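A.B. asks: Turn this into a model:
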Amino acid sequence: MNEMNLNQNNPSNRRMGGILVHPTCFPSQYGIGDLGPELYNFIDFLYKYKQNLWQILPLGPTGYANSPYQSFSSFAGNPMLISPEKLIEMNLVSSKECEPTETFPDSRVDFGKVIKYKWNVLETAFKHFQKDSIPSIIQEFKVFIKDESSWLDDFSIFMSIKLANELKAWNEWEQDLRFHDPVAIKKWEKDHKFEVRFHKFTQFLFFKQWKEAKNYANQKNIKIIGDLPIFVAYDSVDVWIHPEFYQLDDDRELLYVSGVPPDYFSSTGQRWGNPLYNWEEMKKQDYKWWIQRIKNSFRMVDILRIDHFRGFESYWQIPAIEETAVRGEWKPGPGIDLFQKIKQNLGELAIIAEDLGLITPEVDKLLQHTGYPGIRVLQFAFEESPDPSKPSDPSQHKYLPHNYIQNSIVYTGTHDNQTTKSWFNGLSAKKKNNLIDYVNSFDDDMVGVLIRLIWGSVANMAVIPLQDLLRLDDEARMNVPGKTEDNWEWRFTWDQLNENYNSNLAHISEIYGRT
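C.D. replies: Residues are numbered from 1 along each chain as shown. Below you'll find the predicted structure:
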């Protein structure tokens, strides 16, 4: 294995701090946070309080259970994030046409209502565009279609078929479309020109609005951390177009699925259900799909978190017929070869490796060879060790702040964790006392104490979920892993912010050199 460090000049190698919140969480009269005015208000908020990182979840169109980690495409954007206010500014719709016909809740996303509403607004905008086109927008749209044709054409056809089939998964479509027969696809595209062009148009709007938002953030010296799921959804254009890249049978049904084996936290493991890659085939094609995926991601963000990094060293292969993750086996991933190809093609990149869970020496070695920063979660520091051989050794617990390294990013908790307030309140007396002893403080605001602890750590990057800045409990939790309902719905309102907490965050960012 080549010993080269792939990440020696990572632009994330300086002290920074920021907030994790997805655009869907922003306030909005339209039922879901979007890429409109409140996003810009949030960027101004970060700038005012001396933050220079904004971390988001994946931006793709959501599929099963509205999860951003189960997307219909690895390249497309989520049309539900398109801002009606921005469409009004473009003269594509009127204010009246954007008025919701029903009331949306302020504190969560009602995805059923929002999806119906947003599609209606977008269809109205498209009809106006078709009828009363503005020359400048027409030209922009033409350039976008041409520049993004490598993925946009397939995605637009895929979505038009899916909507015509009441959102059924592609493996339930009629035979010729399911198997992507070129003659059938060409006929579909000819017979459904309006629908296919509509999906191209919504992608044009998304990327136009996102580019403007990212430019605004960068002008304020704020870097955006994106999120790349390691696996794709089975019901995605990625699998439909390139079945050879996945472990499927001759009927393109799943042979094996993703997950992790039983461990300290789960006696049956986790069966995620995503298709597994055919790494041999991807290597034959010089990992071109991965290279294009990473390249596309870095057009949208400044720093990229890659989920489940250990899966690149080895992954847990579960037969698709199994209902749990118990019966599986470890299979080798692409290892350093993939990341060398990425660097050869794309140069130095600011990548974060999500290395949570039970990590083997082989995974640690791969991480060291890439040079990517790994992740530390403060909540894990005061829980039982997942390694029974090291149940309470403070010199071995990598999540305790005194064991952090500079080349890392630390969180109080992530989108998958409890809010820190609920987590702390739920600790046993013994664990709570251990934490209080460690920080040498008991304060009415223990969340603030823990934020200060990671801001003062040696880790180059420190990030907190917005819920922790707001000192919210688990009613504001973003995701409960393994649960398929009521996730991804939380939204905040500006009146939840507390000036004392905001000012304190700015203060500790200054004294700990994160501005």
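A.B. asks: Give the buried residues for the host helix or strand of G112.
C.D. replies: G112 is part of helix 111-131 when elements are defined by DSSP states H and E. Buried positions in helix 111-131, judged by neighbour count with 16 or more other CB atoms under 10 Å: 111, 113-115, 117-118, 121-122, 124-126, 128-129. Heads up, the C-betas are built off the backbone N, CA and C, glycines and all.
A.B. asks: Closest to L167 out of these?
C.D. replies: Of all the buried residues of helix 111-131, the one sitting nearest L167 is I115; the distance, using CB to CB, is 10.1 Å.
A.B. asks: quick one: contacts for the closest one?
C.D. replies: Going by CB atoms under 8 Å, 6 or more residues apart in numbering, I115 touches M80.
A.B. asks: make it 6 Å
C.D. replies: Under the criterion of CB atoms under 6 Å, 6 or more residues apart in numbering, the contact list for I115 is empty.
A.B. asks: in which helix or strand would I find the closest residue in space to T419 that isn't next to it in sequence?
C.D. replies: Sequence neighbours aside, Q467 is the residue nearest to T419 in space, at 4.6 Å (criterion: CB to CB, 6 or more residues apart in numbering). Taking DSSP H and E as the criterion, Q467 maps to helix 466-469.
A.B. asks: how far away is S136 from F198?
C.D. replies: As judged by CB to CB, to the nearest Å, S136 and F198 stand 20 Å apart.
A.B. asks: Show me which of those two is the more surrounded one.
C.D. replies: Shown here are S136 and F198; by other CB atoms under 10 Å, F198 has more neighbours (24 against 9).
A.B. asks: Quick check: the more buried one touching F126?
C.D. replies: Yes: between F198 and F126 there is a contact under CB atoms under 6 Å: 5.0 Å.
A.B. asks: just for the stretch 151-300 of the chain, where's the confidence low?
C.D. replies: Regions of the stretch 151-300 of the chain meeting the criterion pLDDT under 70 cover residues 264-265.
A.B. asks: Now do the helices in it.
C.D. replies: 175-178, 182-191, 193-219, 237-241, 279-284, 288-300 (DSSP state H, counting those that start in this stretch).
A.B. asks: Of those helices, give the one that comes closest to K96.
C.D. replies: Of all the helices of the stretch 151-300 of the chain, helix 193-219 sits nearest to K96, with 19.5 Å by CB to CB.
A.B. asks: Go through the closest one and flag the buried ones.
C.D. replies: By 16+ other CB under 10 Å, the buried positions in helix 193-219 come out as 195-210, 213-214, 217.
A.B. asks: mind putting the helices of the stretch 151-300 of the chain in a markdown table, distance to F442 included?
C.D. replies: A markdown table is the format used below for those (distance: least, CB to CB, whole Å):
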| stretch | distance to F442 |
| --- | --- |
| helix 175-178 | 61 |
| helix 182-191 | 65 |
| helix 193-219 | 38 |
| helix 237-241 | 50 |
| helix 279-284 | 51 |
| helix 288-300 | 43 |
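A.B. asks: what's the closest of these to N78?
C.D. replies: helix 193-219 (6.9 Å).
A.B. asks: And the closest one, how far out from the chain middle?
C.D. replies: Relative to its chain's centre, helix 193-219 lies at 18 Å (CA atoms, centre = their mean, to the nearest Å).
A.B. asks: for stretch 311-321, the distance to its chain's centre please.
C.D. replies: Taking CA atoms, centre = their mean, one finds stretch 311-321 lying 21 Å from the centre of the chain it belongs to.
A.B. asks: Rounded mean pLDDT for that stretch, please.
C.D. replies: Average pLDDT, stretch 311-321: 97.
A.B. asks: contacts for it?
C.D. replies: Residues from elsewhere that reach stretch 311-321, judged by CB under 6 Å, 6+ apart: 230, 254-257, 259-261, 271, 325, 328-333, 362-363, 366.
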